[in-house]
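> coords please:
(2 chains, ligands or ions: 2)
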Amino acid sequence: MSVSLDIKYAARLLAKKPAFTALTVLIVAIGLGLTLYTYSLLNSLVFTPLTLNNDKPIYAVEAQYDYTHLSRRPADPFDLYKLKNELNLLEDLGVYQEGTTFVGGAGANTAIRKFNSTYVSWNIFEFAGVQPILGRGFSPEDHFEGAEPSVVLSYEVFQNYFRGDESVVGTMVPLDAEPNRIIGVMPEGFAFPAIAEIWQPLPQVSVAATERSYNGVFGFARLADGVTLSQLRTEMDAYSTELSTRLDEDMNWRINTDGKYLSAEPFKKAAITQYYSMFMAMFVVVFLILLLACINVGNLLLARVNQRFKEIAIRVAMGVPRKRLILQMLWESIFICSIGGLLALLLAAWGLEISNQVFDQTYAVDNLKPFWWHVQIEANGIFLLISAVVAMIFITGYIPAWRALSGDFNAVLRDGTRGAIGKKAAQASKVLVISEIFLSCVVLMMASILLSTSYSAGIADYGVETENRLTAQLQLPPVSFGIRRDTEFEHADRLKRSAFYYALKDELESQPNIQAVAMMTELPGRGEGTSYYEIEGREAPVYNENPYSNNEGVAKDSWRALGMRIIQGRDFDHRDIGEGVLSIIINESIAKEFFPDGDAIGQRVRRANPGNKGEWNTIMGVVSDTFHGSTMRSSSTSYNSYHIMDNWGLFRVNMAMHYTGLQVEAEKTLLQAVDKVNTDVGVYHIQSYDNLIKQPMMLVVAVSKVFLLCGIIAAFLAASGIYAVASNSISQRTQEIGVRRALGSSDAGIMRLFMLQASQQLAIGLTIGIGLSIWLVNFMSETMIINDLSYVLGMLGVPLLIIFMVLLATFIPTKKVVLMEPSEALHHD
Amino acid sequence: MITTSATSKSLVTLNNIKKVFFTDDVETHALNEINLSINKGEYLSITGPSGCGKSTLLSLLGLLDTSTAGTYQLAGHEASDLSRDERAKIRNKEIGFIFQAFNLISDLSVAENVELPLTYRSDITKSQRAEMVKDALEKVDMQHRANHFPSQLSGGQQQRVAVARAIAGNPSIILADEPTGNLDSKNAQVVMSLLDRLHDQGATICMVTHDPRSAARAGRTIEVFDGKIVSDQLTEKSQAVVL
Ligand SMILES: Nc1ncnc2c1ncn2[C@@H]1O[C@H](COP(=O)(O)OP(=O)(O)OP(=O)(O)O)[C@@H](O)[C@H]1O
Ligand SMILES: [Mg+2]
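Ligands and ions are numbered 1, 2, ... in the order given. Okay, the predicted model is just below:
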C-alpha cells in the first residue's frame, strides 16, 4: 500500500502541473514515435530477412553494385551456377531478369497492357515454397530451345486483366505479339523476386550456361549448410581475383576497378542499395533524437527535483530508505514514459499508414513496389518500444534521482535554504549542457544535410519545360506494323511504324490547342542507362576511359515541344533517314567537355561497350542539356546523345505535347487523334509531365519529408532543451550569483563569467558534435551525392545556430538573476 | 547633507529609511522611519523579534537592496546616487558580509572562496592576494584547510572561512546576519570571539542576533520592533571600554 501511496503522490504531482506533464509526455512520444516508425520502416524494408516459407534467409547474388551509375548489375550465369554446383557454397539458386512485356492485342480480343515480367529459372516457385493455385509452374523443359513459350500469371493479372476467368489457363495469349501459353496462376500477393506480374522462362543459355557469355542474370540463393555470408563473400572475392588473372580482355569488364566482381547481400537490402546509407543515416539521426528527448525530459524532471529538494530532504530526514526514494522519483518517469510510449505507438502507426499510401502512390503507375514493401509495426517493434520505454524510464528517472541522493540534506535542513549545490552536481549539470549541445549539433547537421540534399534532388531542374505538357506512351500493335522477331529489321516495316508517329504528330499539331509534339524513346526525367562512346582519333585504350552518355531515339522536330533547343549545327531531317545513315546529336555538356573548341559538328563517335563496338556516327548538332533518370544519381545522366528514331522502327514510343487550355481537353484531343490515325494503336500512361518527372523522385521526396519532420523535431528539441538545461543550470546557481554580487562583483563581471563558461561548454560540445557529423557525412557520401550547398549549410549554419542558441539561453536567465537585488538572489530557492 | 546625529566619525548614516515589499497586492512595511548612524570602530548588535525587519535593515546597510524612501550615506557616498556597478565596488571594498547560511561557493576551495572578493579588485596583484588570503585564514585559524572544499568542512569551520572572506579585503564595516544562528554553542563561541578580536583590532561590526549573550558582547545594542528602532543603548561593556 506504500507503493499505491507513491503512485498517488506521483500522479498528483503530474496532475498539478498539466503543462509540464503534457510537454514531457509529448517529448517522449515524439522521440519514441519517431524511433518506432523508423525501426519498423527499416525492419520491413531491410532488417527482417526475406525467407519465404523457409528458415534460411534469401540472398541476392549478382555482380557488384555500380555506385557510379547507382544501379545493380547482373552477373554471368556461368559464374553464379559455379558457386552452387562446383564450389558448393549455395544450397539453392535461381536466376532472373526483370523487364516489361506487352500482353494482349495482336488479334486476341483483349486490350494491350504492359506488365512487369520477370524471366526466371524454372525452380523459382519451388525455391519460394509457393505453388500455383491454378495450372502448373515451370519445368526444366520450358527453358529448352523450341519449347512452347509459356507464361505464369500473378493472381492480380489473372483477376484484373483476365477477369478471374479460369478457362484462360492452357490458352494462348500474345506476349510482345508472340503467342505464349498460360500454364499457371500464382496465389494472391506473390510477386517474387520483387515486382513480378507475369513470369516467363529464361532461355536455356541463362540457366545452364556451359561457357562464359555476355548474358547477365541476377541470382537469389540460400546458403549451403555451414556456410556463412562472410564466408561466401570471401570465397567470391577469391573467385573474382582468380578470375581476373585469366579473363580475356573482352570479358574483364565483369570485374570492376577494385578487382571485385560477385556480391552477396541480404535480398531486401540489395533492392535498396542506393538508399541504404540514407536509411542508415536516418536511423542514426532518429536514435540521436531519442537520446536528445531523453536528456530533455531528464532535465525537466531534474529542474523539478531542484524545486522539491527541500521536501526530499525532509523525507530523508524522516527516514525514507534510499530505495524507496528512488522508486518514488521513478514513478513520475514511469507515468510520463508509459503514456508517451502509448502515444508513440499511435504516432508510429499513423506514420506507417501514411508511408504505405506514399509507396502505393509512388509506384502506382508501373507497379514497381517490391512485394515486401508493406510497412507495419511488428512484434519486434513492440519489443523495441517496450525496451526503449524502460530505458527511458531509467535515464529520465536516474538523472533526478541521482541529484536527489547526491545532495547535502543536512545543509538543506540546517540552513532552511536549498543548499549550495555540490561540486558533483555542478559538474553533472555541465555534462548535461555539453551533451545537449553535442547531440543537437549532430542531429541538426545530419537533418539539414539530408534534408537539403533530398530536397534539391526532388526539385531538380531536368532542363525541360513541364508546364502545360502532357505525356503518354504509344504502343503499336504488331499485327499491322510487322511482327517483331521476324520482320522488325525490314526497313519498310520500320518506316511504316515511324510514318504512324509522324502522322499522329502532324494530326495533333494541326489542332488549335496543341502547340508542338515530341516523340522520344524515353523523355527527359525518365530512363537512363549509359554506354561508353569513343571519339574518332581520340579512342581511349580501355573502353571505360571513354566518355559515356545516355542515348535516346527522337523524332524530327521534337525539341520545341520540350523547351529544348538546338545550340549548334542542325536538327535531324530527311537526310538522316535511311539504311546505313548514322547521324547523332549530342548535348551541350558533352560538347563543352569533349569539344571545348566548339568543333563538335562533323566529328565522329561510336559506341564502345566491351566486345561490342558500334558504327561511326557523325555529329550533326548540339542540343541543350536535359537530365535523364534521377538527379540523385551520378552526373553521367547529364551526358545525353540522340539518334533519329525513324531508323529504329520503334514499337513503343513516349510522347510529350505542349498544349494550351485545359489538360482534360488536351487528353481528349490526343485520344481522338490516335483514333483517327490508327484505331489499333494503344495509348497508355497519359499524365502531366510534372507527374512523370516526379515519379522517380517520389521516394526521395517522401524521405525528404521525413527528414524535414526530423529536422523540425530536432530543432524544437534542441532549442527547448538547450534553453532548459542552460537556464536550469543557471537557476541552480542563483544563490552563487547573489554571493558573488554581495562580495562586489559587477554585473558585467558576472555576465562575462557565465558567458565564458557557456563558451567553454560550447567549444567542447561543438568539437565532439562536428567531429561525429563529419564522420557520419563521410560515411554517407560514399553512396550518396551530397550537394555542396547543404554541406556548407550544415557545417557552418548549424554550429552558428547552436552558438547563438546557447549564448542566448545563457544570457537571458543570467541577466534575469543579475537584475534581482542581491538580497533576493541570496534567499532564492 | 550631514544630519544632526552624524558626527565626524560617522561611517554610516540612515535618514528616515523606509522599506516596503510589494507581493501580490500585499504591502509589507518591513522598515519604517529608520534613523541610525554608526561610527567607525563601533560594535553594534541589532536584536528584535522574528520578522521585525532586522535582515532587511542589514541588506540595506550592505547595499544588497534599495530602500523605498529615505537617504543613506556610507563612507561619504549617498547610496541612492550610486550606479549598480558603483554599489558593487563599495560592497567589495567597504563591506564584509557574514551570512547565517555561510554562503560559500561549493565548487571553489576554501582559499578560492576567501580570494573571491579580492579577485574583483583591480588594484591588488596576484601575490598580494595570496598574502591577504593567507593572513585572513590565519586570523580564523583555517589555513590548514585552505585546499578543502566547503562540503568537507563542519558548519563552524565554514563560518570561520566566511569570516575570513569577509575580512580579507579589510572592509570598513562587517555586516553579520545571525552569524551563529546555524552553529552549536561551542562553535558560536569561537565565531563570537573572532568578532571580538576583530573589533579589538579596530573593525566596525554590525551584527543581527537573537542571542542576548551575543548581543551583550557588542558595545551598542539596537532593538527593532515592527520595522522601527525602539531602543538604542550603549552596553556596560562599551562603557567599560570607554571608561
Ligand atoms: N523579499 C521579500 N518580499 C516580501 N516580503 C519580505 C521580503 N523580505 C522580507 N520580507 C518581509 O519583511 C519583513 C521583515 O523581514 P526580515 O527578513 O527583515 O525579518 P527579520 O527581522 O530578519 O526576521 P528573522 O529574525 O526571522 O530573520 C517580514 O515580514 C518579511 O516577511
Ligand atoms: Mg533575519
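
> Mind listing what's buried along stretch B:122-134?
Under the neighbour-count criterion of 16 or more other C-beta atoms under 10 Å in any protein chain shown, stretch B:122-134 has B:Arg129, B:Met132, B:Val133, B:Lys134 buried. To be clear about C-beta, it is placed using only N, CA and C from the backbone, and glycine gets the same treatment.

> Give me the subset of these lying in helices.
B:Arg129, B:Met132, B:Val133, B:Lys134 (DSSP state H).

> would you turn these into JSON lines with distance to B:Thr235?
Converted to JSON lines, those look like this (distance: C-beta to C-beta, whole Å):
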{"residue": "B:Arg129", "distance to B:Thr235": "37"}
{"residue": "B:Met132", "distance to B:Thr235": "32"}
{"residue": "B:Val133", "distance to B:Thr235": "34"}
{"residue": "B:Lys134", "distance to B:Thr235": "34"}
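
> Serialize the buried residues of stretch B:122-134 to CSV and add fields for distance to ligand 1 and pLDDT.
As requested, those are exported to CSV (distance: C-beta to the nearest ligand atom, whole Å; pLDDT from 0 to 100):
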residue, distance to ligand 1, pLDDT
B:Arg129, 33, 91
B:Met132, 31, 93
B:Val133, 31, 94
B:Lys134, 34, 93
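
> Following element in sequence after the longest helix anywhere in chain A, please.
Counting residues, the longest helix in chain A under DSSP H turns out to be helix A:689-731. Sequence-wise, the next helix or strand beyond helix A:689-731 is helix A:734-742, with elements assigned using DSSP states H and E.

> List the contacts of that following helix.
Contacts with helix A:734-742, where a contact means C-beta atoms under 8 Å, 6 or more residues apart in numbering or on different chains, come from A:417-418, A:420, A:747, A:749-750, A:753, A:814, A:817-818, A:820, A:822-829, B:62, B:64, B:88, B:91, B:97, B:103-105, B:116.

> Please pick the buried ones from those residues.
Buried by 16+ other C-beta under 10 Å: A:417-418, A:420, A:747, A:749-750, A:814, A:817-818, A:820, A:822-827, B:62, B:64, B:88, B:91, B:97, B:103-105, B:116, out of the contacts of helix A:734-742.

> In strands, which of those residues fall?
Secondary structure assignment by DSSP state E places B:Phe97 of the buried ones among the contacts of helix A:734-742 in strands.

> Can you narrow the buried ones among the contacts of helix A:734-742 down to the ones near ligand 1?
When C-beta under 6 Å from any ligand atom is applied, the members of the buried ones among the contacts of helix A:734-742 adjacent to ligand 1 are A:Glu824.

> Does A:Glu465 belong to a helix, a strand or coil?
Reduced to three states with DSSP: H, G, I helix; E, B strand; the rest coil, the structure at A:Glu465 is coil.

> typed the wrong thing, it's B:Arg121
Following three-state DSSP, B:Arg121 is assigned to coil.

> gap between it and A:Tyr96?
85 Å (C-beta to C-beta, to the nearest Å).

> Those two: which is more packed in?
Neighbours around B:Arg121 and A:Tyr96, counted as other C-beta atoms under 10 Å in any protein chain shown, are more numerous at A:Tyr96. The numbers are 21 against 14.

> wait, what's in contact with the residue lying closest to that one once chain neighbours are set aside?
Nearest non-adjacent residue to A:Tyr96, counting by C-beta to C-beta, 6 or more residues apart in numbering or on different chains: A:Val120, 4.6 Å away. Remark: with contacts taken as C-beta under 8 Å, 6+ apart, A:Val120 is in contact with A:Gly94, A:Val95, A:Tyr96, A:Phe138, A:Pro193, A:Ala196, A:Trp199, A:Gln200, A:Pro201, A:Leu202.

> between the residues you listed, which is nearest A:Leu470?
Distance from A:Leu470 was checked for each of those by C-beta to C-beta. The minimum falls on A:Ala196, at 30.3 Å.

> before we move on, back to that, mark which of the contacts of A:Val120 are buried, thanks.
Judged by neighbour count, with 16+ other C-beta under 10 Å as the criterion, the buried members of these are A:Gly94, A:Val95, A:Tyr96, A:Phe138, A:Pro193, A:Ala196, A:Trp199, A:Gln200, A:Pro201, A:Leu202.

> wait, the fourth one sits on A:Phe127?
No. With contact defined as C-beta atoms under 8 Å, A:Phe138 does not count as touching A:Phe127 (11.2 Å).

> from what I can see, A:Gly219 looks like it's in a helix, true?
No. Residue assignment for A:Gly219, taken from three-state DSSP, gives strand, which places it outside any helix.

> burial of the closest residue to it other than its chain neighbours, as a residue count?
In this structure, A:Gly219 finds its nearest non-sequential neighbour in A:Val61, 3.9 Å apart by C-beta to C-beta, 6+ apart. Per other C-beta under 10 Å, the neighbour tally for A:Val61 reads 28.

> In terms of pLDDT, where does A:Val61 sit?
Reading off the confidence values, A:Val61 has pLDDT 92.

> Would you check that A:Asp571 makes contact with A:Arg560?
No. Distance between A:Asp571 and A:Arg560: 9.6 Å, which falls outside the contact criterion (C-beta under 8 Å).

> And those two? Which one has more around it.
Neighbour totals were compared for A:Asp571 and A:Arg560, and A:Asp571 leads with 19 against 16 (other C-beta under 10 Å).

> Please report the distance of that one from A:Arg246.
For A:Asp571, the distance to A:Arg246 (C-beta to C-beta) stands at 49 Å.

> try A:Val739
Applying C-beta to C-beta, the value for A:Val739 to A:Arg246 is 83 Å.

> okay, these two: which has more neighbours?
For the pair A:Val739 and A:Arg246, the greater number of neighbours falls to A:Val739 (27 against 8), based on other C-beta under 10 Å.

> where does the more buried one land on pLDDT?
A:Val739 carries a pLDDT score of 88 in this model.

> Spatially central, which residue of the chain would that be?
Since no chain was named, I'll use chain A. Within chain A, one residue has its C-alpha closest to the average C-alpha position: by C-alpha atoms, centre = their mean, that is A:Tyr275, at 4.0 Å.

> should've been chain B
Centroid-nearest residue in chain B, with C-alpha atoms, centre = their mean: B:Leu175, separated by 0.4 Å.

> In a strand, that residue, correct?
Yes. The assignment for B:Leu175 (three-state DSSP) places it in a strand.

> And the residue lying closest to it once chain neighbours are set aside, how far from B:Ile95?
Setting aside the residues directly before and after it, B:Leu175 is nearest to B:Gly62 in space (C-beta to C-beta, 6+ apart), at 4.8 Å. Between B:Gly62 and B:Ile95 the computed distance is 5 Å (C-beta to C-beta).
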